[in-house]
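Enquirer: What follows is a predicted structure for the sequence shown.
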Amino acid sequence: ALTIGIVGLPNVGKSTLFNALTKNHVLAANYPFATIEPNVGVVSLPDPRLATLAEVFHSERILPATVSFVDIAGIVRGASEGEGLGNQFLANIREADAIAQVVRGFTDDDVVHVEGAVNPKGDLETINAELMLADLQTLEKAIPRLEKDVKSKRADAATLEAAVAAKDALERGVLLSHSGLDLAPIRELGLMTAKPYIYVFNVDEAVLTDAAARASLEELVAPAHAVFLDAKIESELIDLDPSDAAELLASTGQDESGIDQLARIGFDTLGLQTYLTAGPKEARAWTIGKGWKAPQAAGVIHTDFEKGFIKAEVISFEDLVSAGSVVEARSRGRARLEGKDYVMKDGDVVEFRFNV
Ligand code: GDP
């Protein structure tokens, strides 16, 4: 599964947030037999459509899609030089598919700030500088090797060109994800600033509802997505039943928990979407990539569904709900039989026809 690595300076609230991420009970429901590493938190993707489908189909249970987060430990200034957790940290972060950078915005005199004062802008610069330095080192090692390989025809000139262009961008202080370069030829280098980013501002309650304060933080990271949460509130929310949690959220001026936001934005940042299936046993969301065609999407349920794919019967969620049943949707002409070139849309409710 694709994972999002959580990074940030020490004492910014990473562990507090990560504990909240691991404390929810998605695991037991979705992965009864899977062993999950202790540093992985699995969160469900909020999707109110599933509850509606479960009503229509009288489903016994609901299985949402999930997003996995990996806790990668803190970065300190000098991490790229092997300071602190340097090298292990770098290895873990290279494996993540996207990065969620936690930035401290809360003030608390009892919690020491490693750089002396709460300074989101400075912290972002420290972390991004470390990640850029680490990528530069990777490229400086890779380029001489690629030069040799291009001479001996073991590598493409395009690969070398992409590596050199990436190095130039980093030397100009540009994050690779903002560089506009085509980095596909050097994907295997696992460059960290080339990954999609989400910024998580861990802020005081007052900031959550302060549009101007949020906008000025958002500006620091645009065009990347920013999530605002109070990690302490998140760790309280996770222990409450749904109605108390909703009350606490409302009292802090939020309509969605930070973890739900993070799951939603993380899922999107990873380039993922879902389609839905429903029946008396379960109403379920299945994770696919954006732009996937019907047979590939069927393969997520079972490889036989992909191999023996014949057709997909597709009803849009809205059509199904307004018809009230599959039979009624069919008689209204709202059920479409789609072939192997059909590109899946988010919210498609699907039943696959296949040969065994
Ligand atoms: P990490 O080093 O980034 O993992 O940070 P921790 O999660 O261990 O948090 C460091 C300290 O800050 C702990 O004492 C937390 O209780 C506290 N802390 C974390 N988040 C918040 C927050 O949103 N508000 C306040 N006031 N304290 C927080």
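Expert: That came through fine.

Enquirer: What mean pLDDT does the lengthiest helix in the chain get?
Expert: For the chain, the helix with the greatest residue count under DSSP state H is helix 120-151. The average of the pLDDT scores along helix 120-151 is 92.

Enquirer: buried sites along that helix?
Expert: Neighbour-count burial for helix 120-151 flags 120, 123-124, 126-128, 130-136, 138-139, 142, 146, 150 (criterion: 16 or more other C-beta atoms under 10 Å). The C-beta positions use only the backbone N, C-alpha and C, and glycine is treated the same way.

Enquirer: If you count contacts, what does it end up packed against?
Expert: Using 3 or more C-beta pairs under 8 Å, 6 or more residues apart in numbering; DSSP states H and E, the elements in contact with helix 120-151 are strand 98-104, helix 157-171, helix 211-221.

Enquirer: These: which one's closest to Val227?
Expert: Smallest distance to Val227 across the helices and strands packed on helix 120-151 (C-beta to C-beta): 7.9 Å, for strand 98-104.

Enquirer: May I have the closest one as PDB, with CA atoms only?
Expert: Only the C-alpha atoms of strand 98-104 are listed here, as PDB (Å, rounded to 0.1, in the frame of the first residue of the first chain):
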ATOM      1  CA  ALA A  98       4.300  11.300   0.000                       C
ATOM      2  CA  ILE A  99       5.400  13.400   2.900                       C
ATOM      3  CA  ALA A 100       3.300  15.100   5.600                       C
ATOM      4  CA  GLN A 101       5.500  17.700   7.300                       C
ATOM      5  CA  VAL A 102       4.300  18.600  10.800                       C
ATOM      6  CA  VAL A 103       5.000  22.200  11.700                       C
ATOM      7  CA  ARG A 104       4.600  23.700  15.100                       C
END
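
Enquirer: which residue ranges form the helices in the stretch 251-356 of the chain?
Expert: Taking DSSP state H, counting those that start in this stretch to define them, one finds helices in the stretch 251-356 of the chain at 258-269, 294-301, 303-307, 317-323, 326-331.

Enquirer: Of the ones you listed, flag the one that's most buried.
Expert: helix 258-269 (a mean of 23; mean count of other C-beta atoms under 10 Å).

Enquirer: which residues touch it?
Expert: Contact with helix 258-269 is made by 4, 17, 20-21, 24, 43-46, 65, 67, 69, 98, 100, 196-198, 200, 225, 227-231, 233-234, 237-238, 256, 273, as judged by C-beta atoms under 8 Å, 6 or more residues apart in numbering.

Enquirer: Just the buried residues out of the residues you listed, in ChimeraX syntax.
Expert: The ChimeraX selection below is limited to those of these classed as buried (16+ other C-beta under 10 Å):
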select :4,17,20,21,24,43,44,45,46,65,67,69,98,100,196,197,198,200,225,227,228,229,230,231,233,234,237,238,273
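
Enquirer: Looking at the contacts of helix 258-269, which are in helices?
Expert: Going by DSSP H, the helices hold 17, 20-21, 231, 233-234, 237 from those.

Enquirer: ok, and the closest non-adjacent residue to Tyr197?
Expert: For Tyr197, ignoring the flanking residues on the chain, the nearest one in space by C-beta to C-beta, 6 or more residues apart in numbering is Ala224 at 4.6 Å.

Enquirer: Could you check the pLDDT of that neighbour?
Expert: 90.

Enquirer: measure it to the ligand for me?
Expert: Distance of Ala224 to the ligand, given as C-beta to the nearest ligand atom, to the nearest Å: 20 Å.

Enquirer: Kind regards, and thank you for your time.
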